[in-house]
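Colleague: How does the following fold in three dimensions:
(one chain, ligands or ions: 1)
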Amino acid sequence: MFRPKGPVCQSCGMPLSKDPLGGGSNADGSPSSEYCSHCYRKGVFTQPNISAEEMMKLVEGKLRSMHFPGFLARRFAREVPTLRRWRGRVTSQAARPRPSELQPRA
Ligand SMILES: [Zn+2]
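Modeller: The predicted structure is shown next:
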């Protein structure tokens, strides 16, 4: 699995160790331990209205621009909805019934 070490941004999944600023900042100027400087500055999200799906596209595009292979970029982007910012907000695919449950009982 592609699992970076250390804390990652809970909005986009970027390792905070890769953040040129070392992370975002809270309203009082203290460093945020949860979000990177691209997502969160001075206590507010830089893109407050973005959806998890849009963030996934953004992350995938960003990784591709960094010459990540497509399959890795997609795999990384799929982790986005599991991050704290998006959890509970995403209406991911509704649980589909398994084929066995569609069969009428004999
Ligand atoms: Zn981020």
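
Colleague: can you give me the strands in the chain?
Modeller: Here the chain has its strands, by DSSP state E, at 40-41, 44-45.

Colleague: The first one pairs with which strands, and in what direction?
Modeller: Strand 40-41 has the following strand partners under DSSP bridges: strand 44-45 (antiparallel).

Colleague: quick one: contacts for Lys57?
Modeller: Residues near Lys57 by CB atoms under 8 Å, 6 or more residues apart in numbering: Ala77. Glycine gets a C-beta too; all of them are placed from N, C-alpha and C.

Colleague: how near is it to Ala73?
Modeller: The spacing between Lys57 and Ala73, counted by CB to CB, to the nearest Å, is 10 Å.

Colleague: Ok, Ser32 next?
Modeller: According to CB to CB, Ser32 stands 25 Å off from Ala73.

Colleague: dump the residue contacts of Gly23.
Modeller: By CB under 8 Å, 6+ apart, Gly23 lies in contact with 9, 16, 31-33, 35-37.

Colleague: measure it to Pro69 for me?
Modeller: Between Gly23 and Pro69 the computed distance is 27 Å (CB to CB).

Colleague: what does Gly88 give?
Modeller: Remark: distance between Gly88 and Pro69 (CB to CB) = 31 Å.

Colleague: Let me see the ranges of the helices in the protein.
Modeller: All helices of the chain, identified by DSSP state H, fall at 52-65, 70-78, 99-102.

Colleague: Which among those helices is found nearest to Lys42?
Modeller: helix 52-65 (19.9 Å; CB to CB).

Colleague: Okay, angle between the closest one and helix 70-78 too, please.
Modeller: Here helix 52-65 points in a direction 150 degrees away from that of helix 70-78 (axes from the mean of the first three to the mean of the last three CA atoms, to 10 degrees).

Colleague: which residue sits closest to the residue nearest the centre of the chain in space, ignoring its chain neighbours?
Modeller: For the chain, Val80 is the residue whose C-alpha lies nearest the centre (CA atoms, centre = their mean; 2.3 Å). Using CB to CB, 6 or more residues apart in numbering and skipping residues adjacent in sequence, the residue nearest Val80 is Met56, 4.7 Å away.
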